[in-house]
Each structure stands twice: as C-alpha cells, then as structure tokens.
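K.L.:
Attaching a predicted model along with its sequence, questions to come.
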Amino acid sequence: MTDLPPARTLLSKAPAAHHGQVVLGYDERLLRRKRLVTAAGEGFLVDLPAVTNLDDFWGFELEDGRAIQVVPATEALVEVTGPDLPRLAWHIGNRHTPCQIEASRLLIRRDHVLEAMLAQLGASVAYVNEPFTPEGGAYGTGRTMGHAHGPETPSENFGWHDHGDGNLHFHAPKR
C-alpha cells in the first residue's frame, strides 16, 4: 500500500470531484498533525498549521490537488426529548457538554450522570447510534470543552478550552 500525498490545505466547499473519504468521530475531527486512512485504505498525512476543528470544513486538499472528504462517524449517543428543550439545553450547556441541537431533540454523548440529571428534569432519554455534530464554541470558533471554574487543583481546570481569543488552549493538570 502506498500513501497519498500529504494534506496541508482545508476545503470549505465540496469540489467537483473527490478521491475518497475519511470517517472520523467527534474527537478525531479536532487535529493538527496526524496520519489518516481513507475508507478505501489509503493513508495520508494531515499537517495543519494549528489545531483545527474539522467540523468547520468539507475536507482536505492533498498536495497533488485531489480532495478527501471528512465524514462524521456513527457514535454512541443519547437522544434527549421533552416538553422544554430550551431548559434542558441550558442545563447541558451549563455543564460545558457538547450538544447537538435540533428542533425536536438534543443529542449528547452517553454519560450516566447527565442522563440521570436530565431524567430528573423530566426529559426522555434514548440511546441512538448516529453521527455527532454538536454546536461549536459560543463565538463561532473552537469547541465546547468542559473545564472547571473554581481554584486550580490537580483534577480541575485542565483540558482544551477557549479563553475568548478564538484559539484553543490546553492546560495540563498540575502535579
């Protein structure tokens, strides 16, 4: 098997034709430099200048001009329904949890603590398997990332998050 040329360019719109697809989960669609493999088994290196949320793009342009489409993978999710979706969405957002918001339902990752909280609030929860494309960051960039708001301890206030400057920052736990 030979690798395809590297990809250093992102495409925001679908080209007239494309060479293949990569199927990536939500976490995998946040990257800077990684070797990916197309659905047909062809590998290629992605080498972007910064950590990038691929949900904002159609796919990659390889150095030889061919295009590879990014397709969200099917994931294990919880479908949240109920009579007061805005209230339920507020409680999910208050926990800095990625959430896909639709007219008649919300989708979140499976989490028994959140599921119990939502059920207590009157929501109906059901397990589904489908692509997960949650809302982006509050300012149209980045991603919703959980982080603490209290004092820094080894178990709090770490991970990827946005300081309001439109860039994702990573803080490692203090030891």
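P.N.:
Everything's here; your move. Keep in mind that what you see is a predicted model, and the values were worked out from it rather than measured.
K.L.:
Once you drop chain neighbours, what's closest to the residue positioned nearest the centre of the chain?
P.N.:
Centrality entry for the chain: nearest residue to the mean C-alpha point is residue 26, 3.6 Å, by C-alpha atoms, centre = their mean. Closest residue to residue 26 apart from its sequence neighbours, by C-beta to C-beta, 6 or more residues apart in numbering: residue 132 at 4.7 Å. C-beta coordinates here come from the backbone N, C-alpha and C atoms, glycine included.
K.L.:
For burial, what's the neighbour tally of that neighbour?
P.N.:
Using other C-beta atoms under 10 Å as the criterion, residue 132 is surrounded by 23 other residues.
K.L.:
How about residue 99?
P.N.:
20.
K.L.:
Now it. Nearest residue, chain neighbours left out?
P.N.:
Nearest non-adjacent residue to residue 99, counting by C-beta to C-beta, 6+ apart: residue 92, 4.8 Å away.
K.L.:
Pull out the buried residues from the helix or strand containing the one you found.
P.N.:
Take DSSP states H and E as the rule and residue 92 turns out to sit in helix 85-94. For helix 85-94, burial by neighbour count (16 or more other C-beta atoms under 10 Å) applies to 85, 88, 89, 91, 92, 93.
K.L.:
And these, which is closest to residue 124?
P.N.:
Checking the buried residues of helix 85-94 against residue 124 by C-beta to C-beta gives residue 88 as the nearest, at 10.0 Å.
K.L.:
And the strands in this protein, which stretches?
P.N.:
7-11, 20-24, 30-37, 43-53, 59-62, 67-72, 74-81, 100-101, 106-109, 124-131, 159-162, 168-171 (DSSP state E).
K.L.:
Pipe these into TSV and attach mean pLDDT per row.
P.N.:
Shown next, in TSV, are the strands of the chain (pLDDT from 0 to 100):
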stretch	mean pLDDT
strand 7-11	95
strand 20-24	97
strand 30-37	95
strand 43-53	94
strand 59-62	96
strand 67-72	97
strand 74-81	97
strand 100-101	94
strand 106-109	97
strand 124-131	97
strand 159-162	52
strand 168-171	48
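K.L.:
Perfect, that will be all.
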